[in-house]
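Visitor: Let me see the structure of the following:
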Amino acid sequence: SNDELLIKMDSTDPAAKVEIINQLNDEIVDDRIIKKLCNLLANDDKWVRFSASVKLKSLQYANIPFILVDLIPSTDIGLRNLAGEILLAKGQESLTALINFLPKGNDDDKKFIIDIIGLIGNSSASKNIIEVLNSSENDNVILACIETLGNIRCEFAVEEIIKVYDNNEVFKPTAVEALGKIGTDKALKFIISR
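Guide: Now for the predicted structure:
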């Protein structure tokens with residue numbers, strides 16, 4: 001039963017933990033098991049962390065991204081990066097969870113999430129990223145938004161990027177690069193005019 005699996009996943013012996021992790025499959029996992037797997041990403045043992053990460057990437061269980069995003073605010077940078085790596089590996093499947101988490105996070109979390117969305121490269125998050133771009137006062141978050149809107153080649157972000165271009169010298173190189181990637185007439189004319 002899943003209760004037994006959860007108890008075994010709590011074993012103090014790393015080898016026993018890894019053995020249980022390797023036995024997990026889409027038929028038997030539930031939210032509790034996935035939460036436990038996510039917690040094991042912070043385990044002291046490298047092999048346990050690695051096994052949990054590989055298993056989370058391979059399972060098709062739909063709630064995985066929604067449980068993983070809760071690790072993004074973690075003060076443990078290694079844990080947070082591992083969560084990000086798995087969310088990225090899941091690609092499109094992670095988008096809804098990432099978008100839903102955007103308003104909850106602090107500036108660091110927002111930047112982290114927006115970077116992942118940019119790497120996934122799907123434009124369905126454009127509207128949400130433009131909202132953050134227009135409401136954020138944090139330079140790093142704004143830069144992440146500009147870069148991601150370029151990476152996802154968001155044509156209707158051209159106006160917005162042009163608007164922030166003059167707000168800060170720091171934004172200019174990233175804005176030009178993003179406009180170049182988007183490459184619409186309007187974007188290119190603006191680049192040439194500057």
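Visitor: Identify the residues contacting the residue nearest to Arg49 when sequence neighbours are not counted.
Guide: Leaving aside its chain neighbours, Arg49 sits nearest to Asn43 (5.3 Å; criterion: CB to CB, 6 or more residues apart in numbering). (Glycine included, C-beta is placed from N, CA and C.) Contacts for Asn43 (CB atoms under 8 Å, 6 or more residues apart in numbering) come out as Pro14, Lys17, Arg49, Ala52.
Visitor: residues near Ser126, how many?
Guide: When neighbours are defined as other CB atoms under 10 Å, Ser126 has 19 of them.
Visitor: follow-up on the earlier one: can you select the buried ones from the contacts of Asn43 in PyMOL?
Guide: Buried subset of the contacts of Asn43, written as a PyMOL selection, criterion 16 or more other CB atoms under 10 Å:
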select buried, resi 14+17+49+52
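Visitor: So which of the contacts of Asn43 are in strands?
Guide: The members of the contacts of Asn43 all map outside strands under DSSP state E.
Visitor: quick one: which of the contacts of Asn43 sit in helices?
Guide: Residues from these lying in helices, with DSSP state H as the criterion: Pro14, Lys17, Arg49, Ala52.
Visitor: For the second one, give me the pLDDT.
Guide: Read it as Lys17. Lys17 is assigned a predicted lDDT (pLDDT) of 96.
Visitor: hang on, isn't it packed against Leu5?
Guide: No: the pair Lys17 / Leu5 is not scored as a contact, 11.1 Å apart, by CB atoms under 8 Å.
Visitor: what packs against the helix or strand in which Glu159 is found?
Guide: Using DSSP states H and E, Glu159 sits within helix 158-165. On a contact count with 3 or more CB pairs under 8 Å, 6 or more residues apart in numbering; DSSP states H and E, helix 158-165 meets helix 126-135, helix 139-151, helix 171-182, helix 185-193.
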